[in-house]
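1. Got a sequence here, can you model it:
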Amino acid sequence: MKANKRKKNNRGAAARQAAARKTKRKAAKSRRAARRAAPKASGARKRTRTSARKTKRAPVRKAKAQTRPKAKAGAKKPAAKTAGRAASGAVAGVVLRGRMGARYEEILTREALSFLAELHRRFDGKRRELLAARAARQKRFDAGELPEFPRETKHIRDDDSWRVASVPADLQDRRVEITGPVDRKMIVNALNSGATHYMADFEDANSPTWANNLEGQINLKDLWAGKIDFTDARTKKRYAVGPKPAVLIVRPRGWHLPETHLTVDGEPISGALFDFGLYIFHNAKPLLGKGTGPYFYLPKLESSKEARLWNEVFLFTQERLGLPARSIKATVLIETLPAAFEMEEILWELREHIAGMNAGRWDYIFSFIKTFAKSKDARYVLPDRSQVVMGEAFLGAYASLLVRACHRRGAHAMGGMAAQIPIKNDPAANEAAFAKVRADKEREVREGYDGTWVAHPDLVPVAKEVFDRLMPQPNQVSRQRLHVNVLRDDLLKIHAGSKTEAGFRLNIRVGVQYIEAWLRGRGAVPIYNLMEDAATAEISRAQIWQWLKYGAELEGGVKATPAFFERALQEEMQVVMREVGAANYARGRFPDAVKLFRDLSLSDEFVPFLTIPAYELIA
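-> This next block holds a predicted model:
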């Protein structure tokens, strides 16, 4: 009887062990299925996660995979999953709030997110301090203080002995640079345009939607992996990078812009650190392996301290990623009035990494208006923006000073944008536009510039012919321009000109049309035969605000008042509707664009950047 009982107990124990093994196999199978189903970019935790969390998550994901109904024909695809929950388990403190699209996981790897978190934690506090310092200085300008060359850094300007570090071979001849956003077609066309360099733009020529930013990073990663070539699905046209592509330079966003789709410790990461960090993390070593390097344009700086922060970011990045010293090179856009008074200090702070500076003329005009937006001195109210031209008044002084500062310190001076685009149905108008481009580029060469910018491939041969003819050598850095002596008042001199109703109304049409396209995800927009970016919209709304504030009297006796603005806004939107077509107008985002433009123009306070409130409408 005892033997029978022992046999029965043994059989029961064996059954229990078999059941346990079966349960264990099922659990392991569920975990494997969960890991396969989870997006790679989620950074799903390894087996070191507690078994309780595994058991809780795996069956849920498995059940969803088993019970998801088949999509009906013609039904909309479900929205992509947000990455937030998955990312929270990937890197401590990091949450992705953007939706995951095709191949995003190749960019948003655990390692890349860890690097971004390091950048944020090391440098975001200082970035915020610098933005607060900007605001404090602007209040002093509002109270009547004028920009001035800083006394505390006079010793840097007076010291003739220092120079910036040597410039790499592929940044020695930069006679024609083309700029544009980071969509795949633009990248290939720009690289093949015949320009010496291409600035791939995550800033003013890019509407910073999550999709635009991530797909731009994928495109650049594919470029350095030799996988950028593609066939257009609609036209069947093949796009492939040629044998002698332009040298690539990337422009991240400015210090003031956030990337709200990624937070670190509950705070949005800086758009500048996000763009810079992802590009250099994935591409620095492939770049160096191909004989070039991680090259950047730095926008919207307002002081040498802001340049110092970039230098600290570069030094940390080189050490953290194991890159050679001085391998990161930057060109700084001098496109704010405060920065014009600290050109040599900016060169000094970035002396190990700077290749040159660029005369960002359109943003510079906007910055001039912004600096004096609330000034009680009506002398600083500008005429029509079409009359604020290079070579004269504050723009002429700033352009001359930039060449002198750069060449004195061994850096390159890059000229401004030619925004014209071909006018294909009017040969006479097209030739007149191209003649303006030639004249502008000839002025730049005479002033000593080493290269220039264009916005359209058809302008590359126009600009190149001028520089080839007047600057046969790679650059003009040896032209020291030491006779140039620019004083504070030269940098504040206003252009002679008039304020017209036509100019007022043009600002409305251009500003609203650009904002509307930006809200739809387009950052480079052809308007009235010019390729416009965010800088033009900034000038347009800033000038309207300034004229309304001062009640400027326009030619013909019309006074710029809120009531006149409201009437003109309605009338000009009717003009725009006729120009773009009623159907296109109705399909667009014109109500949002009109409201934003109205709010910016009539605001009691001058909004520093339109892209900040506009970003809230697309984030």
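2. Name the nearest residue to Trp518, sequence neighbours excluded.
-> Ser207 (4.8 Å; C-beta to C-beta, 6 or more residues apart in numbering). C-beta here means a position set from N, CA and C on the backbone, and glycine is covered the same way.
3. Kindly provide the distance from the one you found to Asp275.
-> 14 Å (C-beta to C-beta, to the nearest Å).
4. Neighbour count for the two, which is higher?
-> Neighbours were counted for Ser207 and for Asp275 using other C-beta atoms under 10 Å; Asp275 has more, 26 against 23.
5. quick revisit: make sure the residue nearest to Trp518 is actually in contact with Gly521.
-> Yes - between Ser207 and Gly521 there is a contact at 4.8 Å, judged by C-beta atoms under 8 Å.
6. what residues do the two have in common as contacts?
-> Counting by C-beta atoms under 8 Å, 6 or more residues apart in numbering, the contacts common to Ser207 and Gly521 are Ile618.
7. quick revisit: contacting residues around the residue nearest to Trp518?
-> Here Ser207 is in contact with Ala517, Trp518, Leu519, Arg520, Gly521, Arg522, Gly523, Ile618 (C-beta under 8 Å, 6+ apart).
8. Repeat the analysis, applying 6 Å as the threshold.
-> Trp518, Gly521, Arg522, Gly523 (C-beta atoms under 6 Å, 6 or more residues apart in numbering).
9. closest to Ser303 among the residues you listed?
-> Gly523 (26.1 Å; C-beta to C-beta).
10. sec struct for that closest one, please.
-> Secondary structure state of Gly523, per DSSP: H, G, I helix; E, B strand; the rest coil, is coil.
11. Show me which positions of stretch 111-120 end up buried.
-> Under the neighbour-count criterion of 16 or more other C-beta atoms under 10 Å, stretch 111-120 has Ala112, Leu113, Ser114, Phe115, Leu116, Ala117, Glu118, Leu119, His120 buried.
12. for those residues, which one is nearest Met577?
-> So of those, ranked by how close each gets to Met577 (C-beta to C-beta), first place is Leu116, at 43.1 Å.
13. I'd assumed Gly277 was in contact with the closest one.
-> Yes - counting by C-beta atoms under 6 Å, Leu116 does reach Gly277; the two are 4.8 Å apart.
14. TSV for the buried residues of stretch 111-120, including distance to Ala614?
-> What follows is the buried residues of stretch 111-120, written out as TSV (distance: C-beta to C-beta, whole Å):
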residue	distance to Ala614
Ala112	27
Leu113	27
Ser114	31
Phe115	29
Leu116	24
Ala117	27
Glu118	30
Leu119	25
His120	23
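15. Output the residues you listed in CSV, with distance to Ala225, pLDDT and secondary structure appended to each entry.
-> Formatted as CSV, the buried residues of stretch 111-120 follow (distance: C-beta to C-beta, whole Å; pLDDT from 0 to 100; DSSP: H, G, I helix; E, B strand; the rest coil):
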residue, distance to Ala225, pLDDT, secondary structure
Ala112, 15, 98, helix
Leu113, 20, 98, helix
Ser114, 22, 98, helix
Phe115, 19, 98, helix
Leu116, 21, 98, helix
Ala117, 25, 98, helix
Glu118, 24, 98, helix
Leu119, 23, 98, helix
His120, 27, 98, helix
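16. Can I take it that Phe606 is in a helix?
-> No - going by three-state DSSP, the assignment for Phe606 is coil, not a helix.
17. Once you drop chain neighbours, what's closest to it?
-> Here the residue nearest Phe606, using C-beta to C-beta, 6+ apart, is Ala373, at 4.0 Å.
18. likewise Asp533?
-> The spatially closest residue to Asp533, leaving aside those adjacent along the chain, is Asp204, at 4.1 Å (C-beta to C-beta, 6+ apart).
19. Pull up the gap between that neighbour and Ser166, please.
-> 30 Å.
20. Let's see the pLDDT reported for Ala378.
-> pLDDT, Ala378: 89.
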